[in-house]
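**Student:** Sequence isn't available, so here's the structure alone:
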């Protein structure tokens, strides 16, 4: 290019850059205004979200932190909403709190890929994901791997998101330092496997560079409409040739793990496989920035709310969604579900009965079903007070266009705190081994109180309080498993139902309690399938005999003789048996009898019946 043309092009780039920086500064000034918890109206575009994750990487940790900080600064310069999840606080919980809906994810840390010399089997509970701090503050050599399957199950990125993997062993094809350069086939498998989990989270393209920083790529995303293929081919800079496009023997491959995706690998003749990109290589920078929502306001429908958290159910809100946010871990939060027709931010406003906004927060969802949670707190961090609330949900796209608002009613009642059943399982049979269970609840204010035990059909078994005026404080009931007639109840599941009425309203907590000798746990629900081995776990209510410690399982299937299965001790105090009902069994119902001898030398048993398939 002629020198004058070069000067003109440089001046144009500089002018464009300065204009963009000015726009970003204005946007950042608006976002810094006090009290801005969540914007519910206006046309301010939402910034693209970038998450930078640096896990513990032994001696490379410090240099990774420097590289990630430089790249995060660059992303902020271009107006991105940047989240830093850095060592020593790069825990899985911290990642999940920041990564959802991200447009750009940068991970620097250990890579545990496959094929590798450490395992002959691909195990994606740990492989092809991230190595993170085992807990907040853990050291540079202490990490836990969260593999591709964990990413797929827990992470949802923005449509067309980009993932950049930097300094990861195996991600670009090579193994670890000191290992021989692999064959093309092994390198291809490593690249394909490492990208697979990220592509399943919603990412469209995954870049993997062993050494090259990503700063020039980020600039290209904001200063051009190049494709991912073209951005991958940006020329290198010092100090190494592999800090950019090499072009010695580049090759394309169709992805095996992610059908429809393409791989481009760009090896270097001496060091091997240091650069790779996988995904939609034709996606442009503009498509990355726009996501897949397109123009036009999003539509939101099917807004619902339900209490979440803790082992007790809650009821009594009438038409409103009832929950009890008081910090006891029981129905402390309100979970929302909704449907949006395209990717959308959803701005939530919680208003009290006077119409005042007490809480604002924003969720992000891809097209389809979305979720959000109100933690029961106000904007000032205090718990919401008892009363009626209206929750408003308004969808908007990244350009600020808003769809219609949907509302749902909610009710907060908090008189009862920390309902409990201890122990959860007991066996009332007249001996002294496990004769009672203690039911408890704390009343934070005086109330009209009703307390009953009911069976699985809600029939009243025993009543302790019936519309009794009770003061604030701890309420306990030691139930001996007897009904109103004084007889022991049959083995089964019962419920402690506590109902409190105050001027704010009436509601109930309901907790299960097991009255049985043995509890049998299956890993699946539904019929027992013939010919399939299943692990059954058993727990005893009473202390077992010191001579006959392990219970047995007697299985009676239609058309077959009874078969007795031995059990094995577990670390949690339970027992297990791997049981297979033979293919020759008839149709109907199969009986499992868990039988053992208690510390008093008495044989106890509990029967379970399941349909047979």
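**Tutor:** Alright, I've got the coordinates. Because the structure is predicted, anything quoted here is derived from the model rather than measured.
**Student:** Identify the residues contacting residue 527.
**Tutor:** Applying CB atoms under 8 Å, 6 or more residues apart in numbering to residue 527 gives the contacts 610-613. Bear in mind the C-beta positions are built from the backbone N, C-alpha and C, glycine included.
**Student:** Could you pull up phi and psi at residue 504?
**Tutor:** Dihedral pair for residue 504: phi -80, psi -20, per degrees, to the nearest 10.
**Student:** Now the closest residue to it other than its chain neighbours, what are its backbone angles?
**Tutor:** The shortest distance from residue 504 to any non-neighbouring residue, by CB to CB, 6 or more residues apart in numbering, is to residue 386 (4.0 Å). Main-chain dihedrals, residue 386, degrees, to the nearest 10: phi -60, psi 140.
**Student:** I figured residue 386 hits residue 507, correct?
**Tutor:** No. If you go by CB atoms under 8 Å, residue 386 and residue 507 don't touch, sitting 10.1 Å apart.
**Student:** Return every residue with contacts to both of these two.
**Tutor:** If you check residue 386 and residue 507 against CB under 8 Å, 6+ apart, the residues they both contact are 413, 415.
**Student:** Looking at these two, which has the bigger crowd around it?
**Tutor:** Under the criterion of other CB atoms under 10 Å, the comparison of residue 386 against residue 507 puts residue 507 first, with 25 against 18.
**Student:** List the residues that contact that one.
**Tutor:** 314-317, 322, 324, 413, 415-416, 499-500.
**Student:** Serialize those to TSV and add fields for secondary structure.
**Tutor:** Listed next are the contacts of residue 507 as TSV, based on DSSP: H, G, I helix; E, B strand; the rest coil:
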residue	secondary structure
314	strand
315	strand
316	coil
317	coil
322	strand
324	coil
413	coil
415	coil
416	strand
499	strand
500	strand
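**Student:** most surrounded residue in the residues you listed?
**Tutor:** residue 324 (29 neighbours).
**Student:** what's the spacing between the closest residue to it other than its chain neighbours and residue 420?
**Tutor:** In this structure, residue 324 finds its nearest non-sequential neighbour in residue 331, 4.7 Å apart by CB to CB, 6+ apart. When CB to CB, to the nearest Å is the yardstick, residue 331 and residue 420 sit 14 Å from each other.
**Student:** try residue 454
**Tutor:** Distance from residue 454 to residue 420, by CB to CB: 17 Å.
**Student:** pLDDT check: weakest of the contacts of residue 507?
**Tutor:** Ranked by pLDDT, the contacts of residue 507 bottom out at residue 317, which has 79.
**Student:** got the contact list for that one?
**Tutor:** By CB under 8 Å, 6+ apart, the neighbours of residue 317 are 410-411, 413, 505, 507.
**Student:** repeat that with 10 Å
**Tutor:** 305, 307, 323, 388, 409-413, 505-507 (CB atoms under 10 Å, 6 or more residues apart in numbering).
**Student:** just to revisit the earlier point, okay, the contacts of residue 507 in a markdown table with distance to residue 200 next?
**Tutor:** Shown next, in a markdown table, are these (distance: CB to CB, whole Å):
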| residue | distance to residue 200 |
| --- | --- |
| 314 | 36 |
| 315 | 38 |
| 316 | 41 |
| 317 | 38 |
| 322 | 37 |
| 324 | 37 |
| 413 | 41 |
| 415 | 45 |
| 416 | 43 |
| 499 | 46 |
| 500 | 46 |
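**Student:** Just give me the closest of these to residue 81.
**Tutor:** Nearest to residue 81 among the contacts of residue 507: residue 324, at 33.7 Å, using CB to CB.
**Student:** Can you give me every residue that contacts the closest one?
**Tutor:** 307, 309-310, 312, 314, 330-334, 376, 383, 386, 411-417, 419, 507, 509.
**Student:** could you show me where the strands are in the stretch 401-550 of the chain, in order?
**Tutor:** Secondary structure of the stretch 401-550 of the chain (DSSP state E, counting those that start in this stretch): strands located at 406-412, 416-422, 425-426, 437-443, 447-454, 460-470, 473-479, 492-502, 505-515, 518-521, 534-540.
**Student:** winner for burial among these?
**Tutor:** Across the strands of the stretch 401-550 of the chain, the average number of neighbours (mean count of other CB atoms under 10 Å) peaks for strand 425-426, which reaches a mean of 22.
**Student:** can you pull out the strands in the stretch 151-300 of the chain?
**Tutor:** Under DSSP E, counting those that start in this stretch, the stretch 151-300 of the chain gives strands at 161-166, 203-209, 251-254, 262-265, 275-279, 300-308.
**Student:** Kindly provide the whole-number mean pLDDT of the fifth one.
**Tutor:** Pointing back at strand 275-279 there. On average, strand 275-279 scores 97.
**Student:** now the first one
**Tutor:** The average pLDDT within strand 161-166 is 97.
**Student:** Can you tell me which helices and strands it packs against?
**Tutor:** Applying 3 or more CB pairs under 10 Å, 6 or more residues apart in numbering; DSSP states H and E, we find strand 161-166 packed against strand 49-54, helix 61-77, strand 104-108, helix 184-200, strand 203-209, helix 215-223, strand 275-279, helix 285-290.
**Student:** So which of these is nearest residue 126?
**Tutor:** helix 184-200 (11.3 Å).
**Student:** What helices and strands are in contact with the closest one?
**Tutor:** helix 148-154, strand 161-166, strand 203-209, strand 251-254, strand 262-265, strand 275-279.
**Student:** mind listing what the residue nearest to residue 324 touches?
**Tutor:** Residue 331 touches 306-315, 322-325, 376, 413-414, 419, 507, 509, counting by CB under 10 Å, 6+ apart.
**Student:** Same check on residue 476?
**Tutor:** Applying CB under 10 Å, 6+ apart, the residues near residue 476 are 420, 422, 438-442, 464.
**Student:** The residue nearest to residue 504 reaches residue 447, doesn't it?
**Tutor:** No. With contact defined as CB atoms under 10 Å, residue 386 does not reach residue 447; the gap is 11.7 Å.
**Student:** Model confidence for residue 4, exactly?
**Tutor:** 33.
**Student:** follow-up on the earlier one: residue 87: which of the helices and strands packed on helix 184-200 is closest?
**Tutor:** Going by CB to CB, the one of the helices and strands packed on helix 184-200 nearest residue 87 is strand 161-166, 14.1 Å.
**Student:** The closest one versus strand 203-209: what angle between them?
**Tutor:** Interaxial angle, strand 161-166 versus strand 203-209 (axes from the mean of the first three to the mean of the last three CA atoms, to 10 degrees): 20 degrees.
**Student:** Note down every partner strand of strand 161-166 and its orientation.
**Tutor:** strand 104-108 (parallel), strand 203-209 (parallel) (DSSP bridges).
**Student:** how about those in a markdown table, adding mean pLDDT and distance to residue 286?
**Tutor:** A markdown table is the format used below for these (pLDDT from 0 to 100; distance: least, CB to CB, whole Å):
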| stretch | mean pLDDT | distance to residue 286 |
| --- | --- | --- |
| strand 104-108 | 98 | 15 |
| strand 203-209 | 97 | 13 |
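**Student:** Export these to CSV and append columns for distance to residue 244.
**Tutor:** Formatted as CSV, these follow (distance: least, CB to CB, whole Å):
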stretch, distance to residue 244
strand 104-108, 18
strand 203-209, 10
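**Student:** do you know which of the ones you listed lies nearest residue 592?
**Tutor:** Across the strands paired with strand 161-166, closest to residue 592 is strand 203-209 (CB to CB), at 45.6 Å.
**Student:** ok, now which ones touch residue 124?
**Tutor:** So residue 124 contacts 114, 147-152, 193, 196-197, 257 (CB under 10 Å, 6+ apart).
**Student:** again, only this time at 7 Å
**Tutor:** 147-149, 197 (CB atoms under 7 Å, 6 or more residues apart in numbering).
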